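This is the structure alone, sequence omitted:
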């Protein structure tokens, strides 16, 4: 089997795995810290700027700017953008395990009602067991859905004429017989393909 034919079955296997994020996160309050905030009462929008950190249970989202709204039912919706130096960041613990999903992208969009996070533009999602990275996924856009315990990865054509396509990519770290990651050093980050 050619290497390019191996990627699709591996990606399908990973996408079929349940994510099992912390269920208690939905009952926790949303807390936000930032250097400054501006509230627009007419639009019901709060804009946080500078070293923004949003937490909700085991969820942590960081970035340079957060635009946060709340619907009439009390659900929060936020768009976090990174800075020129650092992308927006997302992290959430998996239910009952010492495992975390971490992601970064130019923009992180949080939907509290659907319990979903969208990593948009230059997106990378990594799974950690304790402090050891076990898997890494990259693409133009990654959607992480806690409620349905699924995520999806999309590549996208770059806007410049004749530019290459960003592809969805997966890196699996080898596992020992007991399911633990091997002692092998982590692989280099997966990037865009030419």
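Nice, thanks for sending it over. What you are looking at is a predicted structure, and each value in this text was computed from that prediction instead of being measured.

drop to CA atoms for contacts and neighbour counts, all remaining ones
Will do.

Tell me who's in contact with residue 116.
Residue 116 makes contact with 110, 143-147, according to Cα atoms under 8 Å, 6 or more residues apart in numbering.

what's across from it in the sheet?
Judged by DSSP bridges, the bridge partners of residue 116 are residue 111, residue 145.

What separation is there between it and residue 144?
As defined by Cα to Cα, to the nearest Å, residue 116 lies at a distance of 6 Å from residue 144.

right, and residue 83 touches residue 64 too?
Yes - look at residue 83 against residue 64 with Cα atoms under 8 Å: they come within range, at 5.4 Å.

okay, those two: which has more neighbours?
Between residue 83 and residue 64, counting by other Cα atoms under 10 Å, residue 64 is the more crowded of the two (21 against 15).

Please enumerate residues in contact with the helix or strand hosting the more buried one?
Per DSSP states H and E: residue 64 is located in strand 59-70. Contacts to strand 59-70, defined as Cα under 8 Å, 6+ apart, come from residues 25, 44-55, 76-83, 86-93, 108.

number of nearby residues for residue 114?
Residue 114, neighbours per other Cα under 10 Å, totals 14.

For it, grab phi and psi.
phi -90, psi -10 (degrees, to the nearest 10).

picking that back up, any chance of the contacts of residue 116 in TSV, plus pLDDT and distance to residue 129?
Formatted as TSV, these follow (pLDDT from 0 to 100; distance: Cα to Cα, whole Å):
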residue	pLDDT	distance to residue 129
110	87	24
143	91	21
144	83	18
145	84	20
146	73	18
147	68	21
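
now, which of those residues sits nearest residue 133?
Each of the contacts of residue 116 was checked against residue 133 using Cα to Cα; the closest is residue 144, at 17.8 Å.

where do the helices sit along the protein?
3-16 (DSSP state H).

what's the neighbour count on residue 90?
26.

and it, what is it in contact with?
Counting by Cα under 8 Å, 6+ apart, residue 90 has contacts 59-62, 102-104, 108.

one step back: report the buried members of the contacts of residue 116.
The neighbour count (16 or more other Cα atoms under 10 Å) marks 110, 143-146 as buried among these.

any idea how far residue 79 is from residue 32?
Residue 32 is 13 Å from residue 79, by Cα to Cα.

again, but for residue 132
Residue 132 is 29 Å from residue 79, by Cα to Cα.

same deal with residue 28?
19 Å.

now do residue 46
11 Å.

same deal with residue 120?
10 Å.

With residue 109 instead?
From residue 109 over to residue 79 (counting by Cα to Cα), the distance is 4 Å.
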